[in-house]
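> Got a predicted structure plus its sequence, pasted below:
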Amino acid sequence: MAVLSAQNLNMSFGDRVLFDKVSFDIKEGERVGLIGANGTGKTTLFRLVLGQEQPTSGEIHPGKNTVVGYMEQHACRNSVRSIYDEVLTVFEPLMQIEIRLEQLNRLIDKGGDIDALIDEQLRLHEKYERDGGLTYKSRAKSMLTGLGFPVEMHTLACDRLSGGQRSKLSLGKLLLSSPDLLLLDEPTNHLDIDSVEWLENFLSDYKGAALIISHDRYFLDRVTTRTMEIEHRRMRIYNGGYTKFIEQKEKDKLIEQRHYDNTMAEVHRIEKIIEQQKQWNRERNIRTAEHKQKSIDRLLDGLEKPESDEATLKFKFGTLVETGNDVLITQGLTKGFGAEPLFENVDLLIKKGERAFLLGANGCGKTTFLRVLVGQYIPQAGIRKFGENVRVGYFDQSLEGLHEDKTVLDEVWDQYRRLSQTEVRSALAAFLFRGDDVFARVGDLSGGEKARLAMLKLMLGGYNLLLLDEPTNHLDISSREALEDALLDYDGTMLIVSHDRYFINKLSTRILRLGRNGAEDFGNDYDEYLARLEAIKAQQAAQPKEKEIKEDGYKQRKLKDSEKRKLAAACRRVEAEIAKTEEEINSAQSELEKPETAADFEKVIELTARIDELNTKLELLLEEWEETQNKLE
């Protein structure tokens, strides 16, 4: 059953057509990636689904009774509630049931129409349990923790959150509301890797459908089951995630181009025959020419020339001088802000030609480490030195090196006066700044445009060591791929901080994990890095929690008499405790089955919790008895 359908959809703004003749269905449980270059109409399509815009022609509508959920862009901005209380607003109907059940308890105690009150109480209690009333608080806490809000932050007021944190909180509320169709617009933008992986697992288990706009290709591969691409005002639909989409798209383009070339070759062949027949100019030749022209008309009917690729970045990083083999060395490097260092004793050697990625937990100091290397911060201890002929280029994820009041042209030309205006404008054109775009004020550019401008300045520098801090953050997929291709062709050395796992896997030759006590090698790509992390977690889980008792070097053949007596006494004690616990469980269950108890909501909750507690205790006692018996035997 479809939760969303569109037929012959057209969306235009004046003479500008965003997309035309778009038709698709999204079925229950599907997770669909929506991709396309910036400006192709992805967010507009979301607005059509939500009814915030009306299509120029065609129809789009959710299925009957489908509830659509969309992340609010400015959620929780002025809320003074705590983070936890803000999330609980999703469960307002359940909280209202709780209030009503408490009222019913008081009314039953006072007397009146007891039967009617008890009927309402039982009905509400069943609805409360059916809608998740017994677990909604624990689900809310789990959601917050998964999105990077530790327990100690749950009481923090929403108005003290950053924009990124408010976005995460809004995402959490949306996911907890469990709509039939999720509309997610760049859901991973403000998440660290741990939170993104948590979101991937959540969406993989999600029962509803999801339509997702994202530039995170690794995320799309992990989550989506279909891919819809808007390109050249058309939509194409592919099965599978991003990687499968790319493979199939390349095959389709090749088939289309071959079909077009073969058809046009046949058209040209027939045109020559027609020209020849016309030269002979006899009645039979004219009839042949007319017949051949009909063949051409049939061949050209519906034939479309394959569209050229969308405009993409075209650039190459070059180096002016060659470095020695040892490019970057750090010894005992330590830095923090306050009493506790972010990292200390970092010993590192980066060799010529390496594409090293620096990963680590959120807040471990990766950006700070790069800023120490370029001299923006002074280390508290240790040294860093660059090898022979090393020229360092730094990409700052905050884009602080750009001058807001300059034009795009002057931003580049002021730094590279050796270039002519024609050369600068040609370089800008390669980075998609064309025509009057070069006279735009830097402060008025989007995040993606600023990132492209900063990357252009880096490219022109001829640096042989690139330190890149989240270089893909503001780039769309085509720009990310262009950057990847340029860096793969680069003959210098790189040290990169990134959360883009697809980018890491495509480029990395070495992974370094930064921690409190230094940096260590963690494989060659992200998948290997992840496998090593999982192995460490498994090893830590397998370690015994108690200290191992040292053996005296001799195997004991039997327990001493005193030990046997102690074990036998312990066994009798546990047996007595088991009997007592079973009696308490039976008593509580008997109490729960009484009619007057069933009418008391608070008593039911209390007894249910008590029975669960006793059952847990009984299981532990049985395990203890079995373990003691095994030792005796």
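Sure thing, it's come through.
> What number of residues are in the vicinity of the closest residue to residue 24 other than its chain neighbours?
Excluding the flanking residues, the one nearest residue 24 by C-beta to C-beta, 6 or more residues apart in numbering is residue 6, at 5.4 Å. C-beta here means a position set from N, CA and C on the backbone, and glycine is covered the same way. The number of residues packed near residue 6 is 20, by other C-beta atoms under 10 Å.
> and residue 6, which of the three is it?
For residue 6, the assignment made with DSSP: H, G, I helix; E, B strand; the rest coil gives strand.
> Please apply the same query to residue 344.
Residue 344 - assigned by three-state DSSP - is strand.
> for residue 495, same thing?
Under three-state DSSP, residue 495 comes out as strand.
> Quick check: bridge partners of it?
On DSSP bridges, the residues paired with residue 495 through beta bridges are residue 356, residue 467.
> burial count for it?
The burial count for residue 495: 24, using other C-beta under 10 Å.
> for it, what are its contacts?
The contact partners of residue 495, taken as C-beta atoms under 8 Å, 6 or more residues apart in numbering, are 328, 350, 356-358, 370, 373, 465-468.
> Let me see the confidence value for it.
pLDDT for residue 495: 97.
> Next: residue 558.
On pLDDT, residue 558 comes in at 45.
> try the one 3 residues further on
Residue-level confidence at residue 561 comes out at 63, pLDDT.
> Out of the contacts of residue 495, which comes closest to residue 45?
For these, the residue nearest residue 45 by C-beta to C-beta is residue 468; the value is 32.6 Å.
> residue ranges for the strands of the stretch 451-600 of the chain, please.
For the stretch 451-600 of the chain, the strands defined by DSSP state E, counting those that start in this stretch cover 465-469, 493-497, 510-515, 518-521.
> right, and residue 351 touches residue 327 too?
Yes. When contacts are counted by C-beta atoms under 8 Å, residue 351 is listed as touching residue 327 (6.4 Å).
> who's in contact with residue 245?
33, 35, 227, 229, 238.
> can we see that at 10 Å?
33, 35, 217, 220-221, 224, 226-229, 236-239 (C-beta atoms under 10 Å, 6 or more residues apart in numbering).
> need the residues you listed in TSV with neighbour count, distance to residue 176 and pLDDT, can you?
As requested, the contacts of residue 245 are arranged in TSV below (neighbours: other C-beta atoms under 10 Å; distance: C-beta to C-beta, whole Å; pLDDT from 0 to 100):
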residue	neighbour count	distance to residue 176	pLDDT
33	27	23	96
35	23	27	92
217	25	27	93
220	26	23	95
221	19	25	95
224	25	22	95
226	20	25	95
227	25	27	96
228	21	26	96
229	21	31	94
236	16	34	93
237	14	30	94
238	18	31	95
239	10	30	94
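> For residue 591, state which of those is nearest.
Among the contacts of residue 245, and counting by C-beta to C-beta, the member closest to residue 591 is residue 224, at 51.4 Å.
> Please report how far the closest one lies from residue 216.
11 Å (C-beta to C-beta, to the nearest Å).
> likewise residue 501?
8 Å.
> Quick check: which ranges of the protein have low pLDDT?
Low-confidence segments of the chain (pLDDT under 70): 72-78, 163, 308-312, 543-562, 565, 598, 601, 633.
> thinking again about what came up before, now do the shared contacts for residue 224 and residue 216.
Residues within reach of residue 224 and of residue 216 at once, by C-beta under 10 Å, 6+ apart, are 33, 242.
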